[in-house]
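> sequence first, predicted coordinates after that:
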Amino acid sequence: MTEATTMISSLKDVLFSLGELSGALLVGVGLGVVSMLKKKHISLKWNTKRESASMQAHSKVHEALTELRVLIRASRSLVFQFHNGGKFSNGTSIKRFSITHESCAQGVLGMLLETQDVLLTRYMELVELLDTKPHKIIKVSDLTDSSLRSILEINNVVYFSVSPLKCEDLLTPMGFVCCHWCDLSEMDELHAEGITETLIGDVVESSNRIINNHLVHAHK
């Protein structure tokens with residue numbers, strides 16, 4: 001009986017120890033789960049906050065774009081952004097651009113859906129104009145025959161301007177703002193009111209800086 005009693009007592013001690021160990025493990029797991037959920041909740045709140053700030057910045061881009069269009073009486077104002085569209089066989093990036101924001105006057109057809117993933121190499125004249133004539137008012141009929149002239153004429157553009165957008169480092173190209181006038185009378189009316197192309201260009205440049213700043217914040 002003494003030996004049996006000793007065995008029972010030892011078994012009780014073992015079971016008690018296992019119980020304590022299990023309890024400790026459960027507490028540890030519980031604390032781990034709580035900690036994980038807290039971190040996930042904090043991360044979710046942080047991501048939601050960032051997404052909200054980005055959406056607000058994009059909304060401000062559209063507001064500034066619309067304000068620009070109304071001020072200069074353009075038919076369209078658009079933001080094009082550069083992006084990587086894959087790679088060539090040698091590993092170099094295929095540069096493309098797409099419309100990301102657009103504001104159109106009443107009755108003017110948009111270009112957003114049809115202008116996505118466009119090869120930049122098709123429009124090298126555009127790249128040159130961004131370097132040589134930023135913010136300037138350009139007459140489409142003055143352009144040489146090119147893909148750029150063709151796409152503008154297809155969309156009934158008679159005058160346009162392009163303004164470069166830069167990333168936060170102020171060096172890396174982000175894209176460009178483009179304004180379209182689809183009716184000769186729009187520019188004639190501005191001239192009749194004494195609003196010169198130089199003044200229009202100044203408004204375009206000023207609005208471009210505002211849009212650029214909003215886009216930088218949207219990408220953070």
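Cool, the structure landed. All values derive from a computational prediction rather than experimental measurement.
> Gln81: which element?
Assigned by DSSP states H and E, Gln81 falls within strand 76-87.
> only the buried residues of that strand, if you could.
Neighbour-count burial for strand 76-87 flags Arg76, Ser77, Leu78, Val79, Phe80, Gln81, Phe82, Gly85 (criterion: 16 or more other Cβ atoms under 10 Å). (Each C-beta comes from the backbone N, C-alpha and C, glycine too.)
> got it, and stretch 110-125?
Buried residues in stretch 110-125 (16+ other Cβ under 10 Å): Met111, Thr115, Val118, Leu120, Tyr123.
> compute the first-to-last residue distance for that stretch.
End-to-end distance for stretch 110-125: 22 Å, by Cα to Cα, to the nearest Å.
> and the strands in this protein, which stretches?
Using DSSP state E, the strands of the chain run over residues 76-87, 93-104, 118-119, 138-139, 159-166, 173-181.
> distance to Ser52 and mean pLDDT added to the ones you listed, as TSV?
Below are these laid out as TSV (distance: least, Cβ to Cβ, whole Å; pLDDT from 0 to 100):
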stretch	distance to Ser52	mean pLDDT
strand 76-87	21	91
strand 93-104	18	94
strand 118-119	30	94
strand 138-139	38	96
strand 159-166	23	98
strand 173-181	22	97
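> export these to JSON lines and tack on distance to Ala57?
Converted to JSON lines, the strands of the chain look like this (distance: least, Cβ to Cβ, whole Å):
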{"stretch": "strand 76-87", "distance to Ala57": "12"}
{"stretch": "strand 93-104", "distance to Ala57": "11"}
{"stretch": "strand 118-119", "distance to Ala57": "24"}
{"stretch": "strand 138-139", "distance to Ala57": "29"}
{"stretch": "strand 159-166", "distance to Ala57": "14"}
{"stretch": "strand 173-181", "distance to Ala57": "13"}
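> low-confidence stretches in this protein?
1-50 (pLDDT under 70).
> hey, where'd the helices end up in it?
Taking DSSP state H as the criterion, the chain carries its helices at 2-72, 124-132, 147-154, 184-192, 197-218.
> list the contacts of Ser163.
Leu130, Pro134, His135, Phe176, Val177, Cys178, Val204, Glu205, Asn208 (Cβ atoms under 8 Å, 6 or more residues apart in numbering).
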